[in-house]
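>>> for reference, the sequence and a predicted model appear below.
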Amino acid sequence: MKTDIASIYRSARAFALACPLLFLIPALVELAQHVVEWRAGMYDGVAGAKAAEADPLRLQFGFAKTLAILLPGYWFTRYMLFNRDAARARRIEWPAIGLWFILFTPNALQQWWTLFGPSLTGLLGLTGVAAQWTGYALALLGAVAGIYFVAWTVAWTVGNSAIGPIRSIRIVAGSFWRTVLLILAGALPLMIAHYALSFAAIFGPATLDGPLLLLDALVVGLLALTMAGSNAVAARHAAMKKGLDLATGAPR
């Protein structure tokens, strides 16, 4: 487990150096959102942060950021599964890019719905405690499905259409909690750093806003990689445990 976690972060650093333009996609969008937030007064203190929280332009850039965070996942997943071959990882290959886009589209729609659409519980006519607990249940169901589908999403990103959702569930079965731990390890450290830098910019002296927000943008760039990398490592391990090569679906 420790070796896998270390490989996620080492590979993210290596990819950022080998493919800086791809690494910078979410970082630059995050930085653009920070500029919008700064102009809206978000870093002028608690009152400014609350006032700017629902700024429409900030939300639009927030949506763009969620998409930008997903984009490097195509290249970095391939980088991880192709033994850090940057040249091969950068290729826009068919059918891999088509399969990846099929997965990307509903994810993008979900992100849009979360930010701008009506609540599902409201559409179901639920209110109060019933709406709250139904929301929790839907979120948990989505998280569990995401864990079991990890082999599917990773396999399609490298062009292996032989592994679909049902086969993915069978592959991940027996590796569920290990997958959970790997995904948490790939997200939580940098997520904590991301929020800590944002809070520091809100509560700290204004002279530090620029450096803090620039550093935060780079953290988000790395976070996009480590989140995708944790999925790739978890799926690869689960497939190996079942004697499968995730890239081809063939027995190892």
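Happy to help now that I have it. Computed from a predicted model, the values in this text were never measured in an experiment.

>>> quick one: low-confidence residue ranges for the protein.
249-252 (pLDDT under 70).

>>> mind listing the helices for it?
Assigned by DSSP state H, the helices in the chain fall at 2-18, 20-39, 46-52, 56-70, 72-81, 86-90, 96-116, 120-123, 128-148, 150-157, 165-172, 176-203, 209-241.

>>> next one: the residue nearest to Y9 when sequence neighbours are not counted from V220, what distance?
Closest residue to Y9 apart from its sequence neighbours, by C-beta to C-beta, 6 or more residues apart in numbering: T226 at 6.3 Å. To be clear about C-beta, it is placed using only N, CA and C from the backbone, and glycine gets the same treatment. For T226, the distance to V220 (C-beta to C-beta, to the nearest Å) stands at 11 Å.

>>> got any residues that touch both of those two?
Common contacts of T226 and V220, defined by C-beta atoms under 8 Å, 6 or more residues apart in numbering, comprise L190.

>>> make a markdown table from the helices of the chain and add distance to A247 to it.
What follows is the helices of the chain, written out as a markdown table (distance: least, C-beta to C-beta, whole Å):
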| stretch | distance to A247 |
| --- | --- |
| helix 2-18 | 16 |
| helix 20-39 | 20 |
| helix 46-52 | 45 |
| helix 56-70 | 21 |
| helix 72-81 | 6 |
| helix 86-90 | 11 |
| helix 96-116 | 10 |
| helix 120-123 | 36 |
| helix 128-148 | 20 |
| helix 150-157 | 8 |
| helix 165-172 | 13 |
| helix 176-203 | 18 |
| helix 209-241 | 9 |
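
>>> can I get those in a markdown table including mean neighbour count and distance to T248?
A markdown table is the format used below for the helices of the chain (neighbours: other C-beta atoms under 10 Å; distance: least, C-beta to C-beta, whole Å):
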| stretch | mean neighbour count | distance to T248 |
| --- | --- | --- |
| helix 2-18 | 16 | 21 |
| helix 20-39 | 19 | 25 |
| helix 46-52 | 14 | 49 |
| helix 56-70 | 17 | 25 |
| helix 72-81 | 25 | 10 |
| helix 86-90 | 16 | 14 |
| helix 96-116 | 14 | 12 |
| helix 120-123 | 13 | 38 |
| helix 128-148 | 12 | 21 |
| helix 150-157 | 26 | 9 |
| helix 165-172 | 17 | 13 |
| helix 176-203 | 17 | 21 |
| helix 209-241 | 22 | 10 |
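
>>> ok, the residue nearest to Q132 when sequence neighbours are not counted - contacts?
Excluding its sequence neighbours, the residue lying closest to Q132 (C-beta to C-beta, 6+ apart) is T121, at 7.9 Å. When contacts are counted by C-beta under 8 Å, 6+ apart, T121 is found next to 127, 130-132, 134-135, 138.

>>> now those as JSON lines including distance to G174?
As requested, the contacts of T121 are arranged in JSON lines below (distance: C-beta to C-beta, whole Å):
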{"residue": "T127", "distance to G174": "40"}
{"residue": "A130", "distance to G174": "35"}
{"residue": "A131", "distance to G174": "35"}
{"residue": "Q132", "distance to G174": "33"}
{"residue": "T134", "distance to G174": "30"}
{"residue": "G135", "distance to G174": "30"}
{"residue": "L138", "distance to G174": "26"}
